[in-house]
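In: sequence first, predicted coordinates after that:
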Amino acid sequence: MVLLIAIPLALIYLMVNRQEPRQRTDSAVATLRERYARGEIDDEEFETLRAKLSRRSDTDVN
């Protein structure tokens, strides 16, 4: 009986947990865009950091 409850809960947890890296990257990119819009960073720094975040996102997914 416990397994009938535990297995679906574990599957749901794993599915939700799998989506986190992308959400973190999206949040980081949003923060980066805000800093760029406020003028805290220049074009070159923005592009460099955005590329790093993009590569990190690609690595986390694979």
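Out: Cool, got the structure.

In: tell me the contacts of Arg35?
Out: If a contact means CB atoms under 8 Å, 6 or more residues apart in numbering, then Arg35 has Ile41, Phe46 as its contacts. Glycine gets a C-beta too; all of them are placed from N, C-alpha and C.

In: C-terminal to the host helix or strand of it, which secondary structure element comes first?
Out: Secondary-structure assignment from DSSP states H and E places Arg35 in helix 20-38. Scanning the chain past helix 20-38 towards its C-terminal end, the next helix or strand to appear is helix 43-61 (assignment: DSSP H and E).

In: tell me how far Glu44 lies from Arg50.
Out: Applying CB to CB, to the nearest Å, one obtains 11 Å for the distance of Glu44 from Arg50.

In: who's more crowded, these two?
Out: When Glu44 and Arg50 are compared for neighbours, Arg50 comes out ahead with 15 against 8, by other CB atoms under 10 Å.

In: residues near Asp43, how many?
Out: 8.

In: any idea how far Arg50 is from it?
Out: Counting by CB to CB, the gap from Asp43 to Arg50 is 11 Å.

In: ditto for Ala30
Out: Counting by CB to CB, the gap from Ala30 to Arg50 is 11 Å.

In: and for Leu4?
Out: Taking CB to CB as the measure, Leu4 and Arg50 are separated by 46 Å.

In: same question, Met15
Out: For Met15 relative to Arg50 (CB to CB), the value is 28 Å.

In: again, but for Val16
Out: Val16 is 27 Å from Arg50, where distance means CB to CB.

In: and if you look at Ala10?
Out: Summarising the geometry, the distance separating Ala10 from Arg50, computed by CB to CB, is 36 Å.

In: how deep is Lys52 tucked in, by neighbour count?
Out: The tally of other residues near Lys52 (other CB under 10 Å) stands at 12.
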